[in-house]
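> A structural model of the following input is requested.
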Amino acid sequence: MRRGALLFIVSFFLITVFLFPEDSKNSRLFLIPGSPRPGEPVTVILQDEEAQGAGLQAVLLRGRNRFSKAVFFDYDLEEGKTVKAALLAVPSTVLPGEASVRVERRNAGKEAVFLAEKPLGIAQRDFVSETITLNESLTRIRTESDPQKTAEAEQVWAIFNRTGNSILAEGYFGAPVGSTRRTSRFGDRRIFQYSNGKTDASIHAGVDYGVPKGTRVNACATGKVVLARSRIVTGNSVILEHLPGVYSLYYHLDSITCTEGQTLAAGERLGLSGATGLATGPHLHWEIRVSGENADPDAFISRPVLDKTTILEIIK
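Below you'll find the model as predicted:
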């Protein structure tokens, strides 16, 4: 064999092994579901004994655009079998088409180390547009700067960006109220019409239930109360932690019946609905955050994001 040909074969082998390790690693990387819609959560499972230590994360991306990310945690499936799991959400603004989930290790001050990557098809989804007219008082709440409002937003973001190790809810989530009447849905494209004639655009991060003041509001799943207090924009508010990086939010309550640090069972009362904060009428705003990204609450009702039976079946 000529020297040039031999060098080509050796070079190709080295490139394949070192630049494309996903041939071996990707066979142990699993995504549930494989074709989510914008706003839906994705369960990332990594079965790799070498993937240990801190800084391990899953990233949803398309080319150089990184849409969302999530930190891995240990998930015990059965005795003697533990996998790495991460929960991330497809932002509602992501266009349909091919994307991928990359596993990488990111250490402070160092470039991320690539471990594996798997394709993920983002399905088509259409969202509704709506216009909301605000009176002078509600316009001020939304538009005027306020140090307290800023501090409250920073406090909530600190909660969203925190990934613990507690796994309190592995099954289906349930609706927080008995009523099925909704006044707004997840991902609605909103135009706020201010009292001064100006407008502003936003995307609705959750689901609004049009229920009367004083309607019982329940925990959608077992969770720890990490926030229970009044806020300027969201009024009387409760946030529950259910899984690493997964939180449910209940806004505009008339009253709160739980305390921070308390663990609530699924279906346990946490407050009564109202119209506090920036609300045009009595309703419950229910929201779910996954590693900081807002996710469609209905997706958590339709399937468990952590399902041992399903995971054991796909990794065999």
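> Would you map the helices across the chain?
According to DSSP state H, the chain carries its helices in the segments 3-19, 22-25, 136-143, 147-160, 297-302, 308-315.
> who's in contact with the spatially most central residue of the chain?
Taking CA atoms, centre = their mean, the centroid of the chain lies closest to residue 290, which sits 1.8 Å from it. Residues in contact with residue 290 (CB atoms under 8 Å, 6 or more residues apart in numbering) are 41, 68, 70, 87, 88, 89, 245, 246. To be clear about C-beta, it is placed using only N, CA and C from the backbone, and glycine gets the same treatment.
> hmm, try it at 10 Å
40-42, 68, 70, 86-90, 160, 243-247, 296, 299-300, 305 (CB atoms under 10 Å, 6 or more residues apart in numbering).
> so of these, which ones are in strands?
Among the contacts of residue 290, the members found in strands (DSSP state E) are 41, 42, 68, 70, 86, 87, 88, 89, 243, 246, 247.
> So what's the residue count around the third one?
Burial of residue 68 is recorded as 20 neighbouring residues (other CB atoms under 10 Å).
> repeat for the fourth one
Neighbour count of residue 70, defined by other CB under 10 Å: 27.
> so what's it scoring on pLDDT?
For residue 70, the pLDDT comes out at 96.
> need the strands for the stretch 151-300 of the chain, in chain order.
182-184, 189-193, 199-203, 207-209, 216-218, 223-231, 235-243, 246-256, 263-264, 269-273, 284-290, 293-295 (DSSP state E, counting those that start in this stretch).
> so for the shortest one, what's the average pLDDT?
The one in question is strand 263-264. 98.
> Report the strands that pair with it, each with its relative direction.
strand 223-231 (antiparallel) (DSSP bridges).
> Could you identify the most distant pair in the ones in strands among the contacts of residue 290?
The largest separation in these, counting by CB to CB, is between 42 and 247 at 16.8 Å.
> Can you tell me the closest non-neighbouring residue to the residue nearest to the centre of the chain?
Spatially, and ignoring its direct neighbours in sequence, residue 290 is nearest to residue 89 (4.0 Å; CB to CB, 6 or more residues apart in numbering).
> The one you found: neighbouring residues, count only.
Count around residue 89 with other CB under 10 Å applied: 29.
> Spell out which residues sit in contact with it, please.
Counted by CB under 10 Å, 6+ apart, residue 89 has contacts 36, 38-42, 60, 67-68, 70, 245-246, 288-296, 299, 305.
> One more pass at 8 Å, please.
Residue 89 neighbours (CB under 8 Å, 6+ apart): 39, 40, 41, 42, 68, 290, 291, 293, 294, 295.
> Run through the bridge partners of the third one.
Right, the one you point to is residue 41. Under the criterion used here (DSSP bridges), residue 41 is bridged to residue 89.
> pretty sure it is touching residue 305, no?
Yes - with contact defined as CB atoms under 8 Å, residue 41 counts as touching residue 305 (5.2 Å).
> which neighbours do these two share?
What both residue 41 and residue 305 touch, as defined by CB under 8 Å, 6+ apart, is the set residue 87.
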